[in-house]
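Enquirer: Here is the input, now give the coordinates:
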Amino acid sequence: MKNILTDETEPVMATGSAGSPPDRELWDRLRQGDRHALGELFDRYADDVHAFAFRRTASWNTAEDVVQTTFLNTWRRFQRNPPGPLTAPSARGWLLVVAGNECRTLARTAARFRNLLDRLPDPAQGSDHAADVARRLDDERQMSRIRQAVAKLPRHERETLELVVWAGLTQAEAADALGVPLGTVKARLHRTRRRFPDLLDRDALSEETS
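Expert: Purely as a prediction, here's the structure:
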């Protein structure tokens, strides 16, 4: 994944790895205008945002656009009106909520643009790329079918499912990211389980029952 701040490809840094600052420290630095802190958060979570955005849009190309706009608009937000201190151990949930908002604004325009480009001949695309193109199209078709089913859910239940089931946040992290009580997240997942029993496993529902 290419870092939008340095234009270099670097490995993803895991939270809490040796020698790396915790998310809360990066968050505080970002609130003070340190763009390098955003670069570290990008390295740490760009792949998570990309995977989340693909599940939201069923388009690899749009997912790449969402990654760029998520971090660029995060920087602008911190420059214009910085949020308060990070209350969760990880910034991932906050970034995924931003990514969800970006998906809603980008998906429509990106889809129209990509459809136009897909109709144009690509002289650089030869038979060597055919297998990869076919795989990506199959992934997108499968994800489109899943998105059609999930789209039947109310928006607040859909957002909760995406964060807990698709992005792997704990129920507590999702509650913090969405700004709702933990019990609300549990109730939303329970209702979703009744509507779509195949979308949620028992671990997601039984988590943090105490």
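
Enquirer: What score does the closest residue to residue 64 other than its chain neighbours have for pLDDT?
Expert: The spatial neighbour of residue 64 that comes closest, neighbours along the chain excluded (CB to CB, 6 or more residues apart in numbering), is residue 50 at 6.8 Å. In short, each C-beta sits where N, CA and C put it, glycine included. Listed pLDDT for residue 50 reads 94.

Enquirer: Could you do residue 112 as well?
Expert: Note for residue 112: predicted pLDDT of 60.

Enquirer: Quick check: next helix or strand after the helix or strand containing the residue nearest to residue 64?
Expert: With elements taken from DSSP states H and E, the one containing residue 50 is helix 35-57. Downstream of helix 35-57, the first helix or strand assigned by DSSP H and E is helix 60-80.

Enquirer: Output the contacting helices and strands for that next one.
Expert: helix 35-57, helix 92-118, helix 130-150 (3 or more CB pairs under 8 Å, 6 or more residues apart in numbering; DSSP states H and E).

Enquirer: Could you tell me which residues within it count as buried?
Expert: By neighbour count, and taking 16 or more other CB atoms under 10 Å as the criterion, the buried residues in helix 60-80 are 60-71, 74-75, 78.

Enquirer: about what we covered before: how close does the residue nearest to residue 64 sit to residue 39?
Expert: Distance, residue 50 to residue 39, by CB to CB, to the nearest Å: 16 Å.

Enquirer: Repeat that for residue 80.
Expert: Distance, residue 80 to residue 39, by CB to CB: 19 Å.

Enquirer: Identify the residues contacting residue 195.
Expert: By CB atoms under 8 Å, 6 or more residues apart in numbering, the contact list for residue 195 reads 152, 153.

Enquirer: okay, and the helix or strand of this protein with the least pLDDT?
Expert: Sorted by mean pLDDT, DSSP states H and E, the helices and strands of the chain end with helix 202-206, the least confident at a mean of 44.

Enquirer: I am assuming residue 191 contacts residue 160, so please confirm or correct that.
Expert: No - using CB atoms under 8 Å, residue 191 makes no contact with residue 160, being 9.5 Å away.

Enquirer: before we move on, back to that, convert the helix holding residue 50 to PDB, retaining C-alpha atoms only.
Expert: This file holds the C-alpha atoms of helix 35-57, laid out as PDB (Å, rounded to 0.1, in the frame of the first residue of the first chain):
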ATOM      1  CA  ARG A  35       1.500  15.100   9.600                       C
ATOM      2  CA  HIS A  36       4.000  12.300  10.300                       C
ATOM      3  CA  ALA A  37       1.600  11.000  12.900                       C
ATOM      4  CA  LEU A  38      -1.000  10.600  10.100                       C
ATOM      5  CA  GLY A  39       1.600   8.800   8.000                       C
ATOM      6  CA  GLU A  40       2.100   6.300  10.800                       C
ATOM      7  CA  LEU A  41      -1.600   5.800  11.200                       C
ATOM      8  CA  PHE A  42      -1.800   5.300   7.400                       C
ATOM      9  CA  ASP A  43       0.900   2.600   7.500                       C
ATOM     10  CA  ARG A  44      -0.900   1.000  10.400                       C
ATOM     11  CA  TYR A  45      -4.500   1.000   9.100                       C
ATOM     12  CA  ALA A  46      -4.600   1.600   5.300                       C
ATOM     13  CA  ASP A  47      -5.000  -2.100   4.600                       C
ATOM     14  CA  ASP A  48      -7.900  -2.300   7.100                       C
ATOM     15  CA  VAL A  49      -9.600   0.700   5.500                       C
ATOM     16  CA  HIS A  50      -9.100  -0.800   2.100                       C
ATOM     17  CA  ALA A  51     -10.600  -4.100   3.000                       C
ATOM     18  CA  PHE A  52     -13.500  -2.400   4.800                       C
ATOM     19  CA  ALA A  53     -14.100  -0.100   1.800                       C
ATOM     20  CA  PHE A  54     -14.200  -3.000  -0.700                       C
ATOM     21  CA  ARG A  55     -16.900  -4.700   1.400                       C
ATOM     22  CA  ARG A  56     -18.800  -1.500   1.400                       C
ATOM     23  CA  THR A  57     -18.500  -0.800  -2.300                       C
END
